[in-house]
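>>> Pasted the sequence and its predicted model underneath.
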Amino acid sequence: MKNVSAGLVVALLLALVVGVGLIQALSNFTGGIELRPAAPALQTTATISVSAPKNVNSSTNTFEVDVNITDVNNANGLGAWEMELNFDGGIIEGQAGAHDPWLSNRGKRDIVKLPPSAPWLVAENGLVAMGAATCPVPDCGGGLEQQKTETGPTGEGRLATVTFHVKGRGVTSLSFNDQKTQITDTQAQVLGLNTTLTTIGVFPYSLVRGSSAKFNMIALAVAMPGLNTAQDLADYVGGAQLVMKWDATGQKFDPYVPGTPTFPNFGLQVGHVYFLALDNSVLENSVLFANTVTPGVKFNLVRDTSCKFNFISIPVEKDGVINNAQELADDVLGAQLVMKWDAVGQKFDPYVPGTPTFPNFDLKVGDPVVVCLDNTAGSNIWP
């Protein structure tokens, strides 16, 4: 676990005489602990997992995930755990970690860090590591408690919450390093453990605001709890005087003026593109969407002999496949024009596929774009 990995193996396997770390750690404790062989424990294999992002915060550009465990059914309960969680360090970085009191079995056992001198969260590029143990001896966690129970918690619970800071836009897995993720019971017996993989999308968008409202084009690249309508989006971003979606069939914008009945409050769809006119009554210059990815997003495209405008975004399935406007044109087919929105200049930047008329601009997953499509090739559903 890089600086922490020895914590559980070295610090907890005292019953197997690998307990040098824990014995040294306990040397400063008042009271003692009786060494004895690990007792057999009936155990259906537990499972450790990471939740979907929660508490997504555009102001701090952060979100949290919970580390959860289920099916802890051995006789002695859970005594300790450690993990190393790997991810794309170019997209997110570990910022903070907090252990959950569930491990204390309702306060019946003291929780100590692994190793005790380590921070609660070890964060390096592309990984975070955490670990915690419990023990029943007095003063184990620095308190003055009397002798405590030998039994740890069973069933399911939350082990910790990890806060991530967003560095860039993209899709990343949150995967456990199986060699550095394990659990033991209260008698230091290693228990069976399954690990799961969670794939998340992290999508920050820069915003431009002004005393006179400025237009911004964003995509709802992942589902966000509580974001279901144009009014929800206006409330989430703040300072929105107008929210619009594109009607490809009618080749027109459908507007909504927040807080008024002037136009219908329309529903939002994952992956779809929205125009927002933002004033400077709110100072945040970015908005963050983060959640588990939503595969299978499809766009109904409109084509004709004269090209028709369609507003789409680069879906998660095309992450790393479509990297520029020409590659998008090659993938969607029949594109006479590809455009992205320049919020600073308040204008579209065009690219005509296959020609040097305008520069071929870069694209990445979650980018909102406009394609003008004819009916010479390609499907009406993409991708």
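Ah, there it is.

>>> average pLDDT across stretch 326-343?
Here stretch 326-343 scores 98 as its mean pLDDT.

>>> again, but for stretch 242-255
The average of the pLDDT scores along stretch 242-255 is 98.

>>> Stretch 199-208 too?
pLDDT averaged over stretch 199-208 gives 98.

>>> Next: stretch 130-142.
The average pLDDT within stretch 130-142 is 68.

>>> Asn73 versus Thr45, what's the distance?
Distance, Thr45 to Asn73, using CB to CB, to the nearest Å: 9 Å. For glycine as for every other residue, the C-beta is placed from the backbone atoms N, C-alpha and C.

>>> For these two, indicate the residue with more neighbours.
Neighbours per residue (other CB atoms under 10 Å) separate Thr45 from Asn73, with Asn73 holding more: 16 against 11.

>>> Just to check, Lys364 is in contact with Gly170?
Yes. Between Lys364 and Gly170 a contact is recorded at 6.9 Å, counting by CB atoms under 8 Å.

>>> Report the buried residues of the host helix or strand of Gln95.
According to DSSP states H and E, Gln95 maps onto strand 92-99. Buried residues in strand 92-99, counted by 16 or more other CB atoms under 10 Å: Ile92, Glu93, Gly94, Gln95, Ala96, Gly97, His99.

>>> before we move on, what about stretch 50-58?
Applying 16+ other CB under 10 Å to stretch 50-58 flags Val50, Ser51, Ala52, Pro53, Val56, Ser58 as buried.

>>> Need the max-distance pair from those.
For the buried residues of stretch 50-58, the farthest-apart pair by CB to CB is Val50 and Ser58; their separation is 21.7 Å.

>>> Three-state assignment for His165, please.
Put simply, His165 is strand when judged by DSSP: H, G, I helix; E, B strand; the rest coil.

>>> contacting residues around it?
His165 is in contact with Thr60, Asn61, Thr62, Ile92, Glu93, Gly94, Gln95, counting by CB atoms under 8 Å, 6 or more residues apart in numbering.

>>> Try it again at 6 Å.
Thr62, Glu93, Gln95 (CB atoms under 6 Å, 6 or more residues apart in numbering).

>>> cool, and Ser49?
Contact partners of Ser49, counting by CB under 6 Å, 6+ apart, are Asn68, Thr196.

>>> What pLDDT is listed against it?
Turning to Ser49, the model gives it a pLDDT of 98.

>>> what are the pairing partners of the strand holding Gln95, and which direction each?
If you go by DSSP bridges, strand 92-99 pairs up with strand 155-166 (antiparallel).

>>> mind checking how far the strand it pairs with is from the chain centre?
Strand 155-166 has its C-alpha centroid displaced from the chain centroid by 11 Å (CA atoms, centre = their mean, to the nearest Å).

>>> Check stretch 227-246 too.
Remark: stretch 227-246 is offset 23 Å from the chain centroid, using CA atoms, centre = their mean.

>>> what sits up against that stretch?
213, 253-256, 258, 265-267, 274-279, 281-282, 287, 311.

>>> if we go to 7 Å?
209, 213, 220, 226, 253-258, 265-268, 272-282, 284, 287, 311 (CB atoms under 7 Å, 6 or more residues apart in numbering).

>>> Now do the end-to-end distance for it.
One end of stretch 227-246 sits 18 Å from the other (CA to CA, to the nearest Å).

>>> just to revisit the earlier point, please pick the buried ones from the contacts of stretch 227-246.
Buried subset of the contacts of stretch 227-246 (neighbour count, 16+ other CB under 10 Å): 209, 213, 220, 255-258, 265-266, 268, 272-279, 287, 311.

>>> Does Val338 lie in a helix or a strand, and which?
Using DSSP H and E, Val338 sits in strand 335-342.

>>> Compute the first-to-last residue distance for stretch 74-82.
First-to-last residue span, stretch 74-82, CA to CA: 18 Å.

>>> For the stretch 1-150 of the chain, which segments are assigned as helices?
Remark: helices assigned in the stretch 1-150 of the chain by DSSP state H, counting those that start in this stretch are 6-12, 20-26.

>>> swap in the stretch 251-383 of the chain?
325-332.

>>> Let's see the pLDDT reported for Gln146.
Note on Gln146: pLDDT of 42.

>>> next one: Tyr351
Reading off the confidence values, Tyr351 has pLDDT 98.

>>> beta partners for it?
Residues in beta-bridge contact with Tyr351 (DSSP bridges): Val338.

>>> Report the contact partners of it.
Contact analysis of Tyr351 by CB under 7 Å, 6+ apart lists Ala325, Val338, Phe358, Pro359, Asn360, Phe361.

>>> For those, give me a markdown table that also has neighbour count.
A markdown table is the format used below for those (neighbours: other CB atoms under 10 Å):
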| residue | neighbour count |
| --- | --- |
| Ala325 | 27 |
| Val338 | 25 |
| Phe358 | 14 |
| Pro359 | 11 |
| Asn360 | 18 |
| Phe361 | 18 |
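
>>> what's the farthest-apart pair in those residues?
Farthest pair in the contacts of Tyr351, by CB to CB: Val338 and Pro359, 11.3 Å.

>>> now the stretch 51-200 of the chain, which segments are flagged as low pLDDT?
Judged by pLDDT under 70, the stretch 51-200 of the chain has its weakly predicted residues at 115, 136-149.

>>> where's the residue lying closest to Thr151 once chain neighbours are set aside relative to Thr134, distance?
Of all residues not flanking Thr151 in the chain, Gly77 sits nearest, at 4.8 Å (CB to CB, 6 or more residues apart in numbering). Distance of Gly77 to Thr134, computed by CB to CB: 9 Å.

>>> And for Leu197?
28 Å.

>>> Likewise for Thr249?
Distance of Thr249 to Thr134, computed by CB to CB: 61 Å.

>>> Then Phe203?
For Phe203, the distance to Thr134 equals 39 Å [CB to CB].

>>> Ala123 now?
Per CB to CB, Ala123 is found 24 Å from Thr134.

>>> likewise Pro368?
According to CB to CB, Pro368 stands 49 Å off from Thr134.
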